[in-house]
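J.: Please find the sequence and the predicted model below.
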Amino acid sequence: MNVNTKLWKLSTPIDKENPAIMEAAELLRDKQVVAFPTETVYGLGADAADEEAVQKIFEAKGRPADNPLIVHVSDPSQVFQLVTEIPEIASKLMSAFWPGPLTLVLPSNGRAAKNVTAGLTTVAIRMPNDPVALAVLHASALPLAAPSANLSGRPSPTDAEHVMQDLAGKISAVLDGGPTGVGVESTVVDCTTEIPIILRPGGVTKEDLREIVPDIIVDPALADVHNEKPKSPGMKYTHYAPESPLWLIDGDAGFFKEQLQQLKEEGQRIGVIASSELAAELDHESIIACGTRRDLAGIAGELYRALRHFKKAEVDLILCETFEETGVGAAVMNRLKKAASHKIIQH
Ligand code: TXA
Ligand code: MG
């Protein structure tokens, strides 16, 4: 497919009658796919009840058909259109974290198109906290299936330019609402089991969730790199990969320097992704700094931009430090380990 992808720049506050939002809503009702910002990353939306529309998402992204999509709603009451029941614990989580970066897996009533749920009996749903996303959801009056708006396997897009890099010519339009805030995707929580399970760490932290559900479990598959069957189907694919291979260096600045020096001596062109603290200690030309270690939310916000920074023609290998796995650091390290295909050099 080679279409002329429209790109609309929006400025806030978003007026309800904004012509770009109206046109985007019209395209969505007409079974087309449109990318829009959410508070986490940009999403590629289509009518969640329409199999033909949703198929266009899979085609544009090159996404495997067995990886289900998240349905976005404009209001918690829309959830009833899609599920057989809302367990009490799910209601509590919605009240506490919606709108926001939390996706709930609930029992599907079959109204979402088959390809949205990839044939599962459950459906993943979230209400995003972004004025553009909410305006499109309201204007289209449709629940929208929306995965991250990147080519499958690539880092998720945190601004409209990333979406254009991956999907220009393949999708009808992009709403540019500026860079996203959270920077990593939503947390996915399975609410169909007696005790809810975190299937993917994300913008809402485990610590936040424990305030509402003290006994919440983390899917053991997340810790087991060799597990072939995580409960969230998408977790098994190569993800977030930069253009050149990525290695994680787990150690202090001295150890990082040693590794860097050795690889340079072997003639490798190295790109470095580092906190401002580590960057200050290294004497190296190709470094992208992604914020202070003391602010893991800031690191999360810069992560995908950093992973997209180095081009294959310029560097042979990318090195990145590891971060503390507390708070949103758990999501940062989950994405980094996947981006590195679990290649970690330990001190
Ligand atoms: O922040 C986000 O969640 C972004 C924005 C656009 O909302 N969306 C996003 O979608 O990250 P995607 O498709 O890249 O990731 C969806 C994740 C996958 O890991 C998928 O396997 C999981 O949610 N998922 C979807 N439906 C599921 C279900 N019924 N059961 C278990 N996991 C499910
Ligand atoms: Mg994705």
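T.: Nice, I can see it. Ligands and ions are numbered 1, 2, ... in the order given.

J.: which parts of the stretch 1-150 of the chain sit against ligand 1?
T.: With CB under 6 Å from any ligand atom as the criterion, the stretch 1-150 of the chain meets ligand 1 at residues 38, 40-41, 43, 67-70, 101, 103, 105, 117, 120, 122-124, 128, 146-148. To be clear about C-beta, it is placed using only N, CA and C from the backbone, and glycine gets the same treatment.

J.: those helices in the protein, which residues are they?
T.: Taking DSSP state H, the helices of the chain run over residues 19-29, 51-61, 88-97, 114-117, 131-140, 160-167, 206-212, 253-265, 276-281, 296-309, 329-339.

J.: contacting residues around the fifth one?
T.: Spelled out, that is helix 131-140. Counting by CB atoms under 8 Å, 6 or more residues apart in numbering, the neighbours of helix 131-140 from elsewhere in the structure are 10, 12-14, 16, 18, 21-22, 24-25, 28-29, 34, 36-39, 43, 45, 47, 72-74, 99, 128, 143-144, 175, 177.

J.: Now do the same contact list for G100.
T.: Contacts here follow CB under 8 Å, 6+ apart; on that basis G100 touches E39, M127, P128, N129, S186, G203, V204.

J.: For the closest residue to the third one other than its chain neighbours, give me phi and psi.
T.: For P128, ignoring the flanking residues on the chain, the nearest one in space by CB to CB, 6 or more residues apart in numbering is T38 at 4.1 Å. T38 adopts backbone torsions of phi -120, psi 180, taken as degrees, to the nearest 10.

J.: what's the neighbour count on T38?
T.: When neighbours are defined as other CB atoms under 10 Å, T38 has 29 of them.

J.: now swap in V332 and tell me
T.: Neighbouring residues of V332 were enumerated by other CB under 10 Å; the total is 25.

J.: Could you do the one 10 residues further on as well?
T.: Using other CB under 10 Å, H342 has 11 neighbouring residues.

J.: got CSV for the helices of the chain, with mean pLDDT too?
T.: Output for the helices of the chain, formatted as CSV (pLDDT from 0 to 100):
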stretch, mean pLDDT
helix 19-29, 97
helix 51-61, 98
helix 88-97, 98
helix 114-117, 98
helix 131-140, 97
helix 160-167, 98
helix 206-212, 98
helix 253-265, 98
helix 276-281, 98
helix 296-309, 98
helix 329-339, 97
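
J.: D316: which of those is closest?
T.: helix 253-265 (8.7 Å; CB to CB).

J.: quick one: pLDDT of S11?
T.: Per-residue confidence at S11 stands at 86 (pLDDT).

J.: Go ahead and flag the most central residue of this structure.
T.: For the chain, the residue lying nearest the average C-alpha position, counting by CA atoms, centre = their mean, turns out to be E185 (3.1 Å).

J.: give the contact list for it.
T.: E185 sits in contact with T40, V41, P101, S148, S156, R200, G202, G203, A331, where contact means CB under 8 Å, 6+ apart.

J.: Local confidence estimate at the residue of the stretch 51-200 of the chain found nearest ligand 1?
T.: At 2.9 Å from ligand 1, P147 is the closest residue in the stretch 51-200 of the chain, using CB to the nearest ligand atom. In this model, P147 is scored at 98, pLDDT.

J.: what residues are up against it?
T.: Going by CB under 8 Å, 6+ apart, P147 touches G43, L44, I57, K61, R63, N67, L69, I70.

J.: Just the residues of the stretch 1-150 of the chain next to ligand 1: which are in strands?
T.: Residues of those located in strands (DSSP state E): G43, I70, T103, V105, T122, V123, A124.

J.: Filter the residues you listed down to the buried ones, ChimeraX style.
T.: Paste this into ChimeraX to select the buried members of these, with burial taken from 16 or more other CB atoms under 10 Å:
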select :43,70,103,105,122,123,124
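
J.: and which of the ones in strands among the residues of the stretch 1-150 of the chain next to ligand 1 is nearest L167?
T.: Ranked by distance to L167 (CB to CB), these are led by G43 at 11.6 Å.

J.: A24: neighbouring residues, count only.
T.: By other CB under 10 Å, the burial measure for A24, its neighbour count, is 28.

J.: Go ahead and confirm it touches L7.
T.: No: counting by CB atoms under 8 Å, A24 stays clear of L7, with 11.3 Å between them.

J.: Tell me who's in contact with R29.
T.: D47, S140, L142.

J.: what about 10 Å?
T.: Listed by CB atoms under 10 Å, 6 or more residues apart in numbering, the contact partners of R29 are D47, D50, A53, A139, S140, A141, L142.

J.: Quick check: phi and psi on the last one?
T.: Meaning L142. L142 has phi and psi values of phi -120, psi 140 when expressed as degrees, to the nearest 10.
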